[in-house]
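Trainee: for reference, the sequence and a predicted model appear below.
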Amino acid sequence: MLPPLSRPLFEEGVRLIFAKWTALALAVENQWGGSNSAGKADLLLNDCLDWFYNKREHYVDELEENLDDAILQDFNVEAEDGSPHQVADACVKLYQELVAGSTAYLEQLRSMATAGVQQCKRQVVDLDGTVVGQEDADMDSSDGEDDDDDEEEDDDDDMEAEGGQQAPQAVPLEPPRPPRGPVVDEDGFTVVQGKGRYGKR
């Protein structure tokens with residue numbers, strides 16, 4: 001179990017991980033969850049922390065499912081990049097290392113965050129170190145492979161343990177709608193909403 005004195009370190013690390021979750025960053029920037037998108041992102045982060053504090057065992061697959069459900073429910077976004085797994089894996093790894101008394105991974109997250117800020121304050125750096133968001137907030141990250149070739153060599157060593165993936169793509173299923181309201185498709189049919197907030201399974 002995580003010692004109380006290590007909680008601030010864990011919470012700092014989780015915030016750094018969430019800050020690199022491109023699908024969530026794009027959802028907030030484009031307000032896919034409505035005008036309170038930033039608040040929903042904060043709530044999701046706090047729910048994630050509570051999940052760790054309220055459970056004795058922490059499985060990546062379970063947290064991945066929770067994050068996937070939450071981003072779909074709150075932001076109507078289908079993360080086609082597998083990023084919920086990447087975020088869940090990083091959070092569990094951080095927790096386990098801090099329980100063992102190691103801050104090595106936290107230091108790695110800190111250095112990645114510092115490097116991201118130095119590159120450009122407007123850029124979004126994914127968990128694998130790939131810069132995917134530019135000033136024009138271009139949603140299409142597929143053409144960024146050539147631009148990032150030089151950076152990937154340095155980042156691969158840092159994130160090898162996480163099995164770095166290609167720059168993720170977050171796809172909004174529909175235009176933003178009022179939170180928790182009925183969703184009606186273009187044919188006029190009401191779409192059944194997703195499950196409730198995770199943690200209530």
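Mentor: That came through fine.
Trainee: CA atoms for contacts and neighbours, from now on please.
Mentor: Noted.
Trainee: can you report how many residues neighbour Met112?
Mentor: Counted with other CA atoms under 10 Å, the neighbours of Met112 add up to 22.
Trainee: does it lie in a helix or a strand, and which?
Mentor: helix 104-119 (DSSP states H and E).
Trainee: only the buried residues of that helix, if you could.
Mentor: Tyr105, Leu106, Leu109, Arg110, Met112, Ala113, Gly116 (16 or more other CA atoms under 10 Å).
Trainee: low-confidence ranges, this structure, go.
Mentor: Within the chain, the segments meeting pLDDT under 70 span 116-201.
Trainee: how near is Glu29 to Gly82?
Mentor: 20 Å (CA to CA, to the nearest Å).
Trainee: contacts for stretch 98-108?
Mentor: Residues outside stretch 98-108 that contact it (CA atoms under 8 Å, 6 or more residues apart in numbering): Met1, Leu2, Pro3, Ser6, Leu9, Phe10, Gly13, Leu94, Glu97, Asp158.
Trainee: returning to that earlier point: of Glu29 and Gly82, which one has the most company?
Mentor: Gly82 (17 against 13).
Trainee: I'd like the distance between the more buried one and Pro4.
Mentor: Gly82 is 32 Å from Pro4, by CA to CA.
Trainee: now swap in Gln86 and tell me
Mentor: 26 Å.
Trainee: surely Ile71 meets Leu24?
Mentor: Yes. Ile71 is within contact range of Leu24, at 7.5 Å (criterion: CA atoms under 8 Å).
Trainee: which of the two has more residues huddled nearby?
Mentor: Leu24 (24 against 21).
Trainee: which residues of the protein fall in helices?
Mentor: Secondary structure of the chain by DSSP state H: the helices cover 7-19, 22-29, 37-54, 60-75, 83-99, 104-119, 149-158.
Trainee: next, the angle from the fifth one to helix 7-19.
Mentor: In other words, helix 83-99. Angle between the axes of helix 83-99 and helix 7-19 is 160 degrees (criterion: axes from the mean of the first three to the mean of the last three CA atoms, to 10 degrees).
Trainee: which residues sit in contact with Met1?
Mentor: Met1 touches Arg56, Val99, counting by CA under 8 Å, 6+ apart.
Trainee: now swap in Val60 and tell me
Mentor: His85, Ala88, Asp89, Val92.
Trainee: same deal with Glu64?
Mentor: Pro84, His85, Val87, Ala88, Asp89 are the contacts of Glu64 under CA under 8 Å, 6+ apart.
Trainee: how close does Val92 get to Glu107?
Mentor: With CA to CA as the criterion, Val92 and Glu107 are 16 Å apart.
Trainee: now Glu11, nearest residue through space, not along the chain?
Mentor: Leaving out its chain neighbours, the residue that sits closest to Glu11 by CA to CA, 6 or more residues apart in numbering is Leu49, at 7.2 Å.
Trainee: now for Leu72, how many residues are close by?
Mentor: For Leu72, using other CA under 10 Å, the count is 19.
Trainee: and for the one 5 residues further on?
Mentor: A count of neighbours around Val77, defined by other CA under 10 Å, yields 25.
Trainee: with Ala19 instead?
Mentor: Counted with other CA under 10 Å, Ala19 comes out at 16.
Trainee: next, the distance between the ends of stretch 18-31.
Mentor: 17 Å.
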